[in-house]
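>>> dropping a prediction and its sequence here:
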Amino acid sequence: MKDRLLEQAKHAYSPRQRFWALLVMAPVFLLLLPWALIALGTKLDQWLNWPPLLLLPVNLGLGVLLIASGWGLGLWANYAQFTIGRGTPVPLMATQKLIVQPPYTYCRNPMALGAIVAYLGVAVLFGSLGAGLLVVLGAVSLLAYIKLVEEKEMELRFGQDYLEYRRRTSFLIPHFWIRQ
């Protein structure tokens, strides 16, 4: 399985193929998942008898801020993967080059961080504790997958370069100071 994974990761795709993959997947992450989060979160709130946490100016302001900053970080990370890494976040179109430029200098998983922040913003915007709980559970699952699977694959693909990058760059919480 390891050999098959590495073989698949070595396959280079054209910019056009990568663009279409992103175009197909964008509605899933930008529309379908937020809709499902609110639908399931609302059901969970009702099931657990949790009231909505609605302070409209706060929910609106904080929710929009989190969504915009999460999407911004996610788009920046996507752009870096597409242009520098010559890949996509779609696992079948893995990056061909280790990305050690921003936003990947701040943390190793800016796309995951962006998604977590954006989906948390959706939960805040709608005042749903259930949606917030689903974001936390999804984040734990995603981060466990990254730690247990993706990091091993990156080590196999990029070797010592990845190990050095991993040593100097935090997993999720960004470091914004300049390193010497």
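Yep, it's here.
>>> helix/strand/coil for Q101?
For Q101, the secondary-structure state derived from DSSP: H, G, I helix; E, B strand; the rest coil is coil.
>>> next, give phi and psi for it.
phi -100, psi 160 (degrees, to the nearest 10).
>>> quick one: residues contacting the residue nearest to it when sequence neighbours are not counted.
Nearest residue to Q101, sequence neighbours excluded (C-beta to C-beta, 6 or more residues apart in numbering): I84, at 5.8 Å. Heads up, the C-betas are built off the backbone N, CA and C, glycines and all. When contacts are counted by C-beta atoms under 8 Å, 6 or more residues apart in numbering, I84 touches 95, 97, 99, 101.
>>> and the first one, helix, strand or coil?
For T95, the reduced secondary structure class is coil; criterion used: three-state DSSP.
>>> tally of neighbours for it?
The local packing of T95 (other C-beta atoms under 10 Å) involves 19 other residues.
>>> what of the last one?
Counted with other C-beta under 10 Å, the burial measure for Q101 works out to 11 neighbours.
>>> can you pull the pLDDT of it?
Looking at Q101, its pLDDT reads 96.
>>> that one touches Y79, doesn't it?
No: when contacts are counted by C-beta atoms under 8 Å, Q101 is not listed as touching Y79 (10.7 Å).
>>> in contact with the closest residue to L142 other than its chain neighbours, which residues are there?
In this structure, L142 finds its nearest non-sequential neighbour in A112, 5.7 Å apart by C-beta to C-beta, 6+ apart. Neighbour list for A112: 139, 142-143, 146, 172 [criterion: C-beta under 8 Å, 6+ apart].
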